[in-house]
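Visitor: would you be able to build a 3D model of this:
(chains A and B, ligands or ions: 5)
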Amino acid sequence: MRVLTCNCHGLIKFPELDLGPDVKIEQYDNLCKLKLDIGADETVVIAGCSPNLLEGIFPNANAEFVNLLEHITLVNHSPEKAEQLIVAAVAKMQNTPPVKTKVFNIKSKNALVIGGGIAGIEVATQLSKNGLPVVLIEKTPFLGGTVSKLDRLYPEGTPYSHTLMPLINKLQTSGNVTQFFNTEITDVTGRVGDYKIKLKAKPRGVVECINCANCIDVCPVEVNDAGKKRKAIYYIPTFPDMYAIDFDTCTKCGECVKVCPGKIDLEQKAQESDIDSGAIVVATGLNWYDVSKVEEYGYARLEGVMKTLEFERAVASGALYPKKVAIVYCAGSRDSKHLPYCSKICCLLGLKEAKLVKDRFPDAEVYVIAMDMRSYGTYEYLYNTLRDKGVSFIKGKPSEIHRRNGILVVKTEDLFTNELLEVEVDTVVLNSGFVADTITFDKFNIKLNGDFPVLFENAGLGNYELPRGIFTAGAATFPGSVSETLIDARKASYSALSLLRQDKIETRIPQAVVDEDLCSVCRMCIGTCPYNAISVVDDKIKINEELCMGCGICAITCPSYASQLEGWNHSGLYEQIRALVKEGDVLAIMCRWSAYNATEQAAHDKLKYPENVKIIRVPCTGAVDPSHVMLALRNGARGVLIGGCYPDACHYARGNFRAKAREQILRLNLEALGMRKDRVRLEWIGKDEAQKFADIVYEMNK
Amino acid sequence: MAKPLVAFYWCASCGGCEESVVDLAEDLLKVVDAVEFRLFPVAMDFKYSDVEALPDKALAVSFINGAIRTEEQEHIAKLLRQKSQLIVAYGACAHLGGIPGLANVANRKEVFETAYKNTASTVNPKGIYPQTVTETEYGKLTLPEIYDTVQTLDQTIDVDYYLPGCAPPPDLIMNAINAILEGKLPPKGSVLTSEKALCETCERNKTKPDKLAIKDIKRISEVKADPEKCFLAEGIICMGPATRGGCGERCINANMPCRGCFGPTKEVKDMGARFLSGLASIIDVDDEAEMEKIAQSVIDPIGLFYMYSLPSSIINRKQGV
Ligand code: SF4
Ligand code: SF4
Ligand code: SF4
Ligand code: SF4
Ligand code: SF4
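Guide: Numbering: from 1, shown residues only, chains lettered A, B, ... in the order given. Ligands and ions are numbered 1, 2, ... in the order given. Take a look at the predicted model:
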């Protein structure tokens, strides 16, 4: 084994090192400037400056870094301590096997795009324009998604066709796109670069069509399609240019067949097909929240109480002439009983409906009842326009809607005037929020935060080094305006494109590895993984290499040490701590993302802390083993400090909470073993909280 | 061919391990046929001097049960080591310290006070405690010294194999004896049972949900346990995930959760700490105060996490006593 030491231009004074015959010591002046070769099968100790820096220079080294600059030189600690740190690092690496290289071959260059709304259309266009073969699947008979159901788009109120038709036309001429309609995914197997997908297309019924519209004259089935009337056989002027039968309502009376100059097959069969793809873009859009669940608002019970979309379509198609309208905001949103989140765009949709009424019927009275108006950015101008047009804004959350003498009464407080109001209207629009198409998310094991995959995880959306080849685009990521949706679609296109341009992905990030000979499939680890990376496959525990971020939480959970995090296996750390901790020391086990940086900052802030504080760096507080804490205490440590990120700010989402639970029970255990429980402390230490770190280690030294 | 010579000795134990030999039933006759005992205090009248008289390594194997807590036990263990080719730590107490090892939460003085004075059934107004040497009118009486700290067998002598369990079950005993007789032994230091934890074979593992998430920690004495469901999934502490399998799920079948008598799997040095870590990890709350409350509901952590293994663990006794 090699120990590479760097004196950082003479800044670091080295102790005399004798590490035995198996260890070769190499000395450098400025390791950071050299392009040293460190083999993938080799394990080394690198002693010099900050691991945060050296890791960037040797990203693939199986190394334990000893930070002599910030933990010794700049804080005036002794060369003997430096030696102890190096000896302990050697003990760790002598017991730590190298990290395995993970290779993912990109076998299929096809991209699968799920969803034929504006996001899916844009992604398919971008990818095929860049020369990739694309399969686009849409679960309804027509392209266009939610946008094609609307009358108009905010803020200006332009008809959807201004935006949608050019997008569809670009798609149809962009290159190699296979489109499937009425189609859903039945099965997904494989992984990034090599997915196998089964598709099932439900019958359209209409086989050949010249768009003569004869059929709608004879079809006896009338359908209310979200506020707009149509027949069981129908057409949406997007794409493809042919009618379709809605078999959920069609009675198969056969009238259309008689008048059709083309071909209608009422007994058409579903069609299955198999495709392969290297990357998948989920653009499944959004659904309105089922507002009938907000019982006090009387949807479906009270005539005249409508959903946003129904209202828009009814007014736009001339089926409704409202004179007094109340638009109730946040119907079921930001409410722990319904949708706990804000869907971001509904405020603007409500303003759009207000404008629709005012555009069509300038004399109509419109009341917007909202706790807040989140007309973010430049959309504020839409809000101002409507104030000028005489729309009344009431700050409040209606408690109830009922009907009195044929009139709808919305009971609400007005927080501007502190009055209780009864707003009397003929129509109420329940402006609700959105939920995602979670069925598809489940199929692809996309982790959700609430209903949508937007994760407020500072580490980014999953494993950035090992993309799973699954991306979300548009409102499937989170509801947005048309322009935001298109921008998100282009981001997803870029991600898919840069993935599919490669022939293989190779990484060396450390991951959890399970030893089948030790694993009892007790399943304790499964639920502790913040990334859903662990599952049972064929009665064995399997770690999904595309998902594991290497936090180590599962490894410290495993009661058998069957699961181990590469580079941080239990015996390596055991030997490190055994060699490092001497009688009276304070061992500081620090999370690499926060507390460890604070220990470095302490050097630059010229803070002093006692020599007996020995610092080691771990991926996460969730990777700290209670057994190792006990070992340090047995070795005579005065105290063990575990430092990590503040609650909710953990790089791996929940590692610090796992650490907290372990610390709590460990302290009970230590108390029972006759020790003061504050000899072990788990503290939240931000990356700049050098002073806090110093204060704590002083305290622990008392 | 001469029959192999065997010793079966007891140290700090309850006698259950002797009992387990009787549990071999008709197999016991086969054993008695195949070997020749040279020390078996519970059953046969040999003297220590008989053993002392044997040449070194004359015994093919010594099975030693019980933890080491007295001078005499240490002495005989060392003697048997010298006279035996193989030493098998027999049962949880020799293997891990066992129930007698729980005395490590106290010291000799406290143990004496409890045993010879404070218990309700003891009358000892003069506070007389056992002494290593007592002068009487008939001469000097001696007793072996009792130590402050109970030790496992392998903390006292080099051990070749471990037969785990409180007490070891008959099938594992017979497997071990056959392996020794046939010379088909695994690597030295092996624990002669499954390499995997108990959940592997536990019927109830099938009822366990994939994601274990508990909101409270219960003791078996506080609840009426469902006879089919995984204890742990119900929040009842079961050491099964941290305990070597092979016992035949004896306790589980009696609707008692596992308390860990088979000891940890091979990579684990401290089964209590390892189980504690796993248990804490499946507590499904993110609120710090709530977490503290749940943690506090772990009553008697040592009795729970280290019922059989305190002397073998990283911190093997209560500090400061
Ligand atoms: S009658 Fe036939 S050809 Fe005409 S629109 Fe209907 S399906 Fe198309
Ligand atoms: S818990 Fe952490 S180390 Fe384990 S599988 Fe999940 S991401 Fe990987
Ligand atoms: S916790 Fe360990 S033994 Fe249990 S299933 Fe996970 S890897 Fe296997
Ligand atoms: S935890 Fe206990 S009850 Fe549950 S499967 Fe494991 S051994 Fe069986
Ligand atoms: S279930 Fe556990 S405590 Fe009971 S015999 Fe088996 S290993 Fe021992």
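Visitor: where do the strands sit along the stretch 51-200 of chain B?
Guide: B:59-65, B:68-70, B:84-90, B:133-136, B:139-142, B:146-151, B:161-163 (DSSP state E, counting those that start in this stretch).
Visitor: any low-confidence regions in the stretch 1-150 of chain A?
Guide: Regions of the stretch 1-150 of chain A meeting the criterion pLDDT under 70 are absent.
Visitor: quick one: residue A:435 from residue A:333, how far?
Guide: Computed as CB to CB, to the nearest Å, the residue A:435 to residue A:333 distance reads 11 Å. Where you see a C-beta, it was placed from the backbone N, CA and C, and this is true even at glycine.
Visitor: overlap of the contact sets of these two?
Guide: Shared contacts of residue A:435 and residue A:333, defined by CB atoms under 8 Å, 6 or more residues apart in numbering or on different chains, are found at A:289, A:339.
Visitor: compare the two (neighbour count), which wins?
Guide: Neighbours were counted for residue A:435 and for residue A:333 using other CB atoms under 10 Å in any protein chain shown; residue A:333 has more, 23 against 18.
Visitor: for the closest residue to that one other than its chain neighbours, grab the count of nearby residues.
Guide: Computed as CB to CB, 6 or more residues apart in numbering or on different chains, the closest residue to residue A:333 that is not its neighbour in sequence is residue A:433, at 3.8 Å. Neighbour count of residue A:433, defined by other CB under 10 Å: 27.
Visitor: quick one: pLDDT of residue A:433?
Guide: In this prediction, residue A:433 carries a pLDDT score of 95.
Visitor: need the contact list for it.
Guide: Counting by CB under 8 Å, 6+ apart, residue A:433 has contacts A:288-289, A:330-333, A:339, A:341-343, A:346, A:479.
Visitor: looks to me like residue A:366 is in a strand.
Guide: Yes - remark: residue A:366 belongs to a strand, assigned using DSSP: H, G, I helix; E, B strand; the rest coil.
Visitor: got the contact list for it?
Guide: Going by CB under 8 Å, 6+ apart, residue A:366 touches A:325-327, A:354, A:357-358, A:386, A:390-392.
Visitor: against residue A:62, how distant is it?
Guide: Distance from residue A:366 to residue A:62, by CB to CB: 67 Å.
Visitor: now do the contacts for residue 106.
Guide: All of this refers to chain A. A:192-194, A:278, A:499-500, A:502-505 are the contacts of residue A:106 under CB under 8 Å, 6+ apart.
Visitor: sorry, should have said chain B
Guide: Here residue B:106 is in contact with B:114, B:318, B:321 (criterion: CB under 8 Å, 6+ apart).
Visitor: and it, its phi and psi?
Guide: When read as degrees, to the nearest 10, the backbone of residue B:106 gives phi -140, psi -170.
Visitor: what about it, distance to residue B:310?
Guide: Note on residue B:106: its distance to residue B:310, by CB to CB, is 11 Å.
Visitor: ok, now residue A:210?
Guide: As judged by CB to CB, residue A:210 and residue B:310 stand 87 Å apart.
Visitor: out of those two, which sits in the busier spot?
Guide: Comparing residue A:210 with residue B:310 by neighbour count (other CB under 10 Å), the higher total belongs to residue B:310, at 29 against 12.
Visitor: so what does that one have for phi and psi?
Guide: phi -60, psi -50.
Visitor: which intervals of the chain have sub-threshold pLDDT?
Guide: This is for chain A. Residues of chain A that meet the criterion pLDDT under 70 lie in A:454-467.
Visitor: chain B is the one I meant
Guide: In chain B (pLDDT under 70), the answer is B:1.
Visitor: returning to what we had before: which one of the strands of the stretch 51-200 of chain B lies closest to residue A:674?
Guide: With CB to CB, the closest approach to residue A:674 among the strands of the stretch 51-200 of chain B belongs to strand B:146-151: 12.9 Å.
Visitor: contact partners for residue 11?
Guide: Just so you know, I chose chain A. Counting by CB under 8 Å, 6+ apart, residue A:11 has contacts A:69, A:73.
Visitor: wait, chain B
Guide: Residue B:11 makes contacts with B:64-70, B:73, B:76-77, B:93-94, B:153, as judged by CB under 8 Å, 6+ apart.
Visitor: which one of those is nearest residue A:28?
Guide: Comparing the contacts of residue B:11 against residue A:28 with CB to CB picks out residue B:153 as the nearest, at 50.6 Å.
Visitor: surely the closest one and residue B:94 touch.
Guide: Yes - judged on CB atoms under 8 Å, residue B:153 makes contact with residue B:94 at a distance of 4.2 Å.
Visitor: can you pull out the helices in the stretch 401-550 of chain A?
Guide: For the stretch 401-550 of chain A, the helices defined by DSSP state H, counting those that start in this stretch occupy A:438-443, A:482-500.
Visitor: three-state assignment of the residue of the stretch 101-250 of chain B found nearest ligand 2?
Guide: At 12.3 Å from ligand 2, residue B:211 is the closest residue in the stretch 101-250 of chain B, using CB to the nearest ligand atom. Under three-state DSSP, residue B:211 falls in the coil class.
Visitor: number of residues surrounding it?
Guide: 17.
Visitor: any idea which element residue A:555 lies in?
Guide: If you go by DSSP states H and E, residue A:555 is part of helix A:553-557.
Visitor: that helix and ligand 4, any residue contact?
Guide: No - using CB under 6 Å from any ligand atom, helix A:553-557 stays clear of ligand 4, with a minimum separation of 13.6 Å.
Visitor: now the residue of the stretch 351-500 of chain A found nearest ligand 5, nearest residue through space, not along the chain?
Guide: Per CB to the nearest ligand atom, residue A:445 is where the stretch 351-500 of chain A lies closest to ligand 5, at 35.3 Å. Nearest non-adjacent residue to residue A:445, counting by CB to CB, 6+ apart: residue A:532, 6.0 Å away.
Visitor: return the distance of the one you found relative to ligand 1.
Guide: For residue A:532, the distance to ligand 1 equals 46 Å [CB to the nearest ligand atom, to the nearest Å].
Visitor: and residue A:86, by the same measure?
Guide: Separation of residue A:86 from ligand 1 (CB to the nearest ligand atom) stands at 81 Å.
Visitor: contacting residues around that residue?
Guide: A:3, A:5, A:15, A:17, A:19, A:45, A:47, A:66.
Visitor: using TSV, lay out these together with secondary structure, neighbour count and distance to residue A:81.
Guide: TSV is the format used below for these (DSSP: H, G, I helix; E, B strand; the rest coil; neighbours: other CB atoms under 10 Å in any protein chain shown; distance: CB to CB, whole Å):
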residue	secondary structure	neighbour count	distance to residue A:81
A:3	strand	22	16
A:5	strand	23	15
A:15	coil	18	9
A:17	coil	17	13
A:19	coil	16	16
A:45	strand	26	16
A:47	strand	31	12
A:66	strand	28	11
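Visitor: can you pick out the most distant pair from those?
Guide: Maximum pairwise distance among these (CB to CB): 13.9 Å, between A:15 and A:45.
Visitor: and the residue of the stretch 501-650 of chain A nearest ligand 5?
Guide: Closest point on the stretch 501-650 of chain A to ligand 5, by CB to the nearest ligand atom, is residue A:520, at 12.5 Å.
Visitor: how many residues are close by the residue of chain B found nearest ligand 4?
Guide: Ligand 4 sits closest to residue B:240 of chain B, with a gap of 2.2 Å, by CB to the nearest ligand atom. Here the count is done by other CB under 10 Å, and residue B:240 has 31 residues near it.
Visitor: tell me how chain B divides into domains.
Guide: B:5-99+B:149-182, B:106-147, B:198-312 (the TED database).
Visitor: which one of these lies closest to residue A:83?
Guide: domain B:198-312 (26.6 Å).
Visitor: first-to-last residue distance for that closest one?
Guide: 20 Å (CA to CA, to the nearest Å).
Visitor: any idea how far that domain is from the middle of the chain?
Guide: With CA atoms, centre = their mean, to the nearest Å as the basis, domain B:198-312 stands 18 Å off its chain's centre.
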